[in-house]
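[1] Show me how the following folds:
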Amino acid sequence: MYKAKYFPESSFWEAESHPSPSFSWRSISEAKSVLVKGARCQVGDGNHILIDDPWLPRAAPFRLLPVQGGRDEGWKVSNLMNNEGSWNETLVWQVCHVDDIRFILSIPLSNQRIKDRWMWHFDSKGMFSVKSAYRLLIEEEMVQETPLHTQDLWKKLWSTKVSGLHRRPTLPGLKQLQFMEWFGCCASNLPPNLWAAFVYNLWGIWKERNNRLWDNKNMEVNQVVLLLSTRLQEYQRHQGKDQGGGSRRVVPWKPPSAGWVKINVDGAFYKDTCTGALESLFVMIGGDV
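    Predicted structure coming up:
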């Protein structure tokens with residue numbers, strides 16, 4: 001329907017502005033600049049991809065670099081293939097720019113007739129999502145407008161060994177600058193173990209803020225602190241086990257010495273309800289309780 005009305009003689013990418021577009025088409029047109037940054041063709045048999053379409057598996061615009069002569073604008077990607085379902089490497093070296101060749105030859109081909117298709121470059125399955133497009137725009141903005149030392153700070157943040165860090169909170173204007181100065185100071189002065197706990201707790205506070213704002217879910221402050229502390233300890237304990245550091249030396253129990261009272265303590269915590277219990281046992285000389 002859109003093609004018949006808005007680009008009957010061309011493709012979506014060449015569609016021009018319309019004098020009276022519908023609301024949905026106007027919205028789609030506004031998003032085209034974002035789609036161009038990540039949409040490319042996935043090569044199948046190459047019969048439906050023009051040689052100058054975006055199809056190289058590298059950074060946008062995914063197109064071949066220009067060369068003097070050698071190939072025609074009307075060529076399809078299939079013109080660069082042999083009949084056996086492989087690349088014609090001799091021809092590729094003749095008509096393509098040297099910087100494109102390794103990307104072309106890295107594309108696997110099949111001797112079966114697999115259809116070409118459009119895909120989203122920034123997803124392992126080629127599926128577009130608003131989340132991945134938003135992440136792309138945020139990363140571009142960070143690279144273009146953020147000083148190098150701040151970029152290093154973000155790299156340190158995302159490499160921190162704690163669970164749950166998968167989204168970036170954004171703060172506008174001056175608040176972001178003040179936050180980044182404070183955050184950078186913390187990153188420079190905290191040792192690795194405290195830095196991990198610090199980052200995890202910041203993430204937990206941000207998550208609790210979102211729960212209150214968007215999901216109308218509230219927890220008491222002490223519950224938030226207890227939950228974050230418990231989950232961080234669980235994560236660090238499991239990480240230690242995975243790295244071979246989770247085994248503990250078992251110390252046999254002994255009765256207290258003369259003049260001493262031994263107190264044995266045990267506790268349990270149920271994270272889903274944030275409830276727990278603590279018990280203690282006093283033992284005197286001779287094993288009397």
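[2] the strands in this protein, which residues?
    39-42, 117-120, 262-270, 275-283 (DSSP state E).
[3] Return the most buried member of these.
    Mean neighbour count (mean count of other Cβ atoms under 10 Å) peaks for strand 39-42 among the strands of the chain, with a mean of 20. Glycine gets a C-beta too; all of them are placed from N, C-alpha and C.
[4] Just checking the distance from that one to the centre of its chain.
    Per Cα atoms, centre = their mean, to the nearest Å, the displacement of strand 39-42 from the mean C-alpha position of its chain is 20 Å.
[5] helices or strands up against it?
    strand 117-120 (3 or more Cβ pairs under 8 Å, 6 or more residues apart in numbering; DSSP states H and E).
[6] for the record, mean pLDDT for the strand it packs on?
    pLDDT averaged over strand 117-120 equals 92, rounded to a whole number.
[7] Restricting to C-alpha, output that strand in CSV.
    Output for strand 117-120, consisting of C-alpha atoms alone and laid out as CSV, is shown next (Å, rounded to 0.1, in the frame of the first residue of the first chain):
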residue,chain,number,x,y,z
ARG,A,117,17.0,-10.2,2.3
TRP,A,118,17.2,-7.0,4.3
MET,A,119,18.6,-7.2,7.8
TRP,A,120,19.6,-5.0,10.7
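[8] Check what contacts that strand and list those residues.
    Under the criterion Cβ atoms under 8 Å, 6 or more residues apart in numbering, residues 38-42, 44, 126-129, 132 lie in contact with strand 117-120.
[9] before we move on, back to that, let me have the strands of the chain in CSV, adding distance to Asn193 as columns.
    Written out in CSV, the entries for the strands of the chain read as follows (distance: least, Cβ to Cβ, whole Å):
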stretch, distance to Asn193
strand 39-42, 43
strand 117-120, 38
strand 262-270, 22
strand 275-283, 25
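[10] out of these, which comes closest to Gln94?
    Distances from Gln94 to each of the strands of the chain were compared using Cβ to Cβ; the minimum, 22.2 Å, belongs to strand 39-42.
[11] For the closest one, which strands pair with it and how are they oriented?
    Each strand that strand 39-42 pairs with, and the sense of that pairing, follows from DSSP bridges: strand 117-120 (antiparallel).
[12] what about stretch 7-21, how long is it end to end?
    The first and final residues of stretch 7-21 sit 12 Å from each other (Cα to Cα, to the nearest Å).
[13] How far does that stretch sit from its chain's centre?
    33 Å.
[14] Kindly report the same for stretch 182-202.
    Taking the mean of its C-alpha atoms, stretch 182-202 sits 21 Å from the chain's own mean (Cα atoms, centre = their mean).
[15] Please point out which parts of it sit buried.
    With burial defined by 16 or more other Cβ atoms under 10 Å, the residues of stretch 182-202 counted as buried are 183, 187, 195-202.
[16] Stretch 10-29 now?
    15, 25, 28-29.
[17] ditto for stretch 122-140
    For stretch 122-140, using 16+ other Cβ under 10 Å, the buried residues are 122, 128, 133, 136.
[18] So which of those residues is the closest to Met1?
    For these, the closest approach to Met1 (Cβ to Cβ) belongs to Phe128, at 20.0 Å.
[19] That closest one reaches Val34, doesn't it?
    No. Judged on Cβ atoms under 8 Å, Phe128 makes no contact with Val34 at a distance of 9.8 Å.
[20] lowest average confidence, helix or strand, in this structure?
    Evaluated with mean pLDDT, DSSP states H and E, the helix-and-strand set of the chain has its lowest mean pLDDT in helix 148-158, which scores a mean of 60.
[21] Brilliant, that's me finished.
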